[in-house]
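**Student:** any chance you could fold what I've pasted below:
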Amino acid sequence: MTKGRKTTKEERAEIVAFCIEHGKDYGLTVLTYQVSYQQIYSWVKKYEQKGVEGLVDRRGKAKPEDELSEADCLRMENKILLAKLKDREMEIALLKKLKELEGGD
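**Tutor:** Residues are numbered from 1 along each chain as shown. As a prediction, the model looks like this:
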């Protein structure tokens, strides 16, 4: 099995074009471009559904702040505040445990 590698949108388009030109011969495409069968299959499927825009890698991409709705901003802020709250709760629990171990009230 071929390990996947990072590719640009242009490379993905080239790989999909090659695969389609060769009658969707995924095996030949794997050997030619050193990209996994699953990845090529996925790209071809996305291309058939959405065209070239389907080949854009959106993983880990946050929306620019000007595109965020008020609800999105509030959700992000809420996540941050919940994380801070959890951190404080853990800190308080640790301090209580430390006080118990030191023999305090």
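
**Student:** could you report the distance from Asp72 to Ala83?
**Tutor:** The span separating Asp72 from Ala83 equals 17 Å under the rule Cβ to Cβ, to the nearest Å. All C-beta atoms are positioned from the backbone trio N, CA, C, and that covers glycine.

**Student:** which one's more surrounded, these two?
**Tutor:** Applying other Cβ atoms under 10 Å to Asp72 and Ala83 shows that Asp72 carries more neighbours, namely 13 against 10.

**Student:** per-residue pLDDT, that one?
**Tutor:** In the prediction, the pLDDT value recorded for Asp72 is 76.

**Student:** host element of it?
**Tutor:** Using DSSP states H and E, the secondary-structure element containing Asp72 is helix 70-101.

**Student:** just Cys19 next, same as before
**Tutor:** helix 9-21.

**Student:** contact partners of that helix?
**Tutor:** Helix 9-21 is contacted from outside by 7, 25-26, 29, 32-33, 35, 40, 43-44, 47, 52, 55-57, using Cβ atoms under 8 Å, 6 or more residues apart in numbering.

**Student:** repeat the analysis, applying 7 Å as the threshold.
**Tutor:** Surrounding helix 9-21, the residues in contact under the criterion Cβ atoms under 7 Å, 6 or more residues apart in numbering are 25-26, 29, 32-33, 35, 40, 43-44, 47, 52, 55-56.

**Student:** what secondary structure does the residue positioned nearest the centre of the chain sit in?
**Tutor:** Central residue of the chain (Cα atoms, centre = their mean): Arg59, 3.2 Å from the mean position. Local secondary structure at Arg59 is given as coil here, using DSSP: H, G, I helix; E, B strand; the rest coil.
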